[in-house]
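A.B. asks: Predicted structure and sequence below. I'll ask about it afterward.
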Amino acid sequence: MGTTQLGAPQEPKYWHLKTVLGDALDSEFAVGEVLPNERELAARFGVARATLRQALEQLELEGRLQRRRGVGTTVAPPRIGISVGPAQGSWPGEGNDAWRSIGCAETAAPANVARLLGASAQGDRPVHTIRRVRMTHAQPVATELLYIPPASVPGLPEMLTPGAHAHAVLRELHRLELEGEDRAVELGSARAEDAKQLERLPGAPVLLVTTRYFAAGRVAAASVATYRADTCRLTFGDAGTMQITHHGHGGNPERRQAS
């Protein structure tokens with residue numbers, strides 16, 4: 001049987017268009033400038049609108065474009081680096097923590113979080129759930145749900161006002177000696193509440209950073225942080241530390257180590 005030489009695979013039309021659009025973004029548009037509508041762009045480049053949408057979606061995933069409600073598709077600003085988690089050896093809310101608490105409630109831990117907490121999540125007993133948000137240059141970069149079992153904060157007062165709940169839980173958590181933490185990252189889709197906080201549409205691509213905090217030989221807390229995948233990407237520093245880099249609003253790129 002003879003052999004068949006396979007030719008080089010043909011580049012998809014939308015992928016070639018993505019390259020052409022990328023060159024146009026570099027030469028014709030300024031950061032923050034709104035692109036023409038899809039009909040005008042499709043006519044300019046002589047492609048179907050479906051092909052154009054594929055190219056725009058790919059540029060958005062690569063962080064070149066941003067789609068903003070009520071504004072349209074804009075050219076993404078340059079990237080600046082932010083660390084994924086708190087400084088190594090510190091609890092959430094300690095030191096120069098870049099997160100801000102926006103709510104706290106006692107809720108049943110979702111099944112995936114209960115597995116993270118292990119023995120710390122006893123039966124159906126509610127855990128303290130703190131919602132936090134991270135802003136950079138007045139833009140929401142990430143939202144987080146921090147789960148703390150009652151066993152980790154035994155000295156917490158029984159009666160707490162809504163405004164003081166998150167602060168009191170974190171203050172009590174900080175009494176424990178942090179023994180270590182681990183972290184995992186995966187690609188996911190934004191849930192409705194997270195999408196609202198991040199000014200994205202539900203189902204938009206996001207980076208999910210899951211962290212477990214250890215104290216007294218067990219998991220004392222766990223968090224699930226949701227980062228915008230259209231403006232954030234993972235990089236690794238010289239020491240192998242993990243970072244999130246995202247599109248900010250000007251300035252030179254910063255690089256800060258993640259724990």
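C.D. replies: Perfect, I can see it now. No experiment lies behind these values; they were computed from the predicted model shown.
A.B. asks: from here on, contacts and neighbour counts on C-alpha atoms
C.D. replies: Fine.
A.B. asks: distance between the longest helix seen in the chain and the chain's centre?
C.D. replies: Longest among the helix segments of the chain by residue count, using DSSP state H, is helix 13-28. Relative to its parent chain, helix 13-28 has a centroid offset of 26 Å by CA atoms, centre = their mean, to the nearest Å.
A.B. asks: helices and strands around that helix, which ones?
C.D. replies: helix 49-61 (3 or more CA pairs under 8 Å, 6 or more residues apart in numbering; DSSP states H and E).
A.B. asks: what comes up buried for the helix it packs on?
C.D. replies: Neighbour-count burial for helix 49-61, counted by 16 or more other CA atoms under 10 Å, picks out Thr51, Leu52, Gln54, Ala55, Leu56, Glu57, Gln58, Leu59, Glu60, Leu61.
A.B. asks: Now do it and helix 13-28, the angle between them.
C.D. replies: Relative orientation of helix 49-61 and helix 13-28, computed by axes from the mean of the first three to the mean of the last three CA atoms, to 10 degrees: 60 degrees.
A.B. asks: Name all residues that make contact with Ser90.
C.D. replies: Residues counted as contacts of Ser90 (CA atoms under 8 Å, 6 or more residues apart in numbering) are Leu178.
A.B. asks: name the element it belongs to?
C.D. replies: Ser90 belongs to no helix or strand when elements are defined using DSSP states H and E.
A.B. asks: still on that earlier bit, if we take the buried residues of helix 49-61, which one ends up nearest to Ser27?
C.D. replies: Minimum distance to Ser27 across the buried residues of helix 49-61 is 15.6 Å, recorded for Leu59 (CA to CA).
A.B. asks: what about the strands in the stretch 51-200 of the chain?
C.D. replies: 65-68, 72-75, 79-83, 99-107, 127-136, 139-148, 180-189 (DSSP state E, counting those that start in this stretch).
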